[in-house]
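A.B. asks: Pasting a predicted model and its sequence here:
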Amino acid sequence: MTNRDNASASQGSGGSRIVAGARRTEWGEQGEVSPSELREMGYTDFEPFEPFVSTDLAVVVTEKYGKDPDTGEWGRTLVAHRVGCSQGDVLFSKGDLILELSPHFKREADQHSARIDANLHQFSPVEEAVENFINHSCDPSGRWDWSRLSSLHIPLIALRDIHEGDEITYNYLTTDEGRAPGEDVGEDDFVCACGAECCRKEIIGFRPLSPSEKKELEPIVSPYLRSILREQELGG
């Protein structure tokens, strides 16, 4: 989930610009699935809602991920930030709710969408929404909670204490299916720049992982990826 345009900016610490993220959602006409269709698809408890987004978040410009090859601009990432806090101050404790994904869904994937099911992808109709700036990490600070999927409430939960200035990240391998069988290169493959000691260096999605790697991720992957794992275990 990335974004290339932002609404406003002010000077932050360390020379980074603190960029304001959107705090609104709208039902647009971007090929999205209607609430009644979602309920027919099995999400029986779904009703449109305003997603929770913590105010202790900001988007910063960073050199960590290099420049966008199309625009030549430095990348952006979501961080924990509260005015008046110092580095080392805990803004989210382990288990805290950070934000919820916007309740907008469509059948076709795009660069910024997240797969929920075989033919259902979550997206934000607001280009500058903070969720669009959550980058991948092989040692992420957050994970998606899938326990309320029937209502399509999908919160991001802190995996550890998150301090002022820390990146808000999740492991893309928990949502991205990746290369189809027989494919040498997937359209969502990328070289990882997370910098973690356990960095995989190349992210190619969940499907091509080894059985042991899939098992390790199983507790936090999406139900859709879990179904793929079950099929593979059964020889499907």
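C.D. replies: Noted; the coordinates are in hand.
A.B. asks: Give the burial count for residue 83, as a bare number.
C.D. replies: Number of residues near residue 83 (other C-beta atoms under 10 Å) recorded here: 9. All C-beta spots, glycine's among them, are computed from the backbone N, C-alpha and C.
A.B. asks: what about it, which helix or strand?
C.D. replies: For residue 83, there is no enclosing helix or strand under DSSP states H and E.
A.B. asks: what mean pLDDT would you report for the longest helix anywhere in the chain?
C.D. replies: In the chain, taking DSSP state H as the definition, the longest helix is helix 223-233. The pLDDT scores in helix 223-233 average 86.
A.B. asks: Just list what that helix packs against, helices and strands only.
C.D. replies: strand 114-117, helix 211-217 (3 or more C-beta pairs under 8 Å, 6 or more residues apart in numbering; DSSP states H and E).
A.B. asks: Please identify the most buried of the ones you listed.
C.D. replies: strand 114-117 (a mean of 20; mean count of other C-beta atoms under 10 Å).
A.B. asks: export that one as PDB, just CAs?
C.D. replies: Extracted as PDB, the C-alpha positions of strand 114-117 are listed here (Å, rounded to 0.1, in the frame of the first residue of the first chain):
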ATOM      1  CA  ALA A 114      -5.300  -5.600  -0.400                       C
ATOM      2  CA  ARG A 115      -6.800  -9.000  -1.200                       C
ATOM      3  CA  ILE A 116      -9.500 -10.100   1.100                       C
ATOM      4  CA  ASP A 117     -10.800 -13.100  -0.800                       C
END
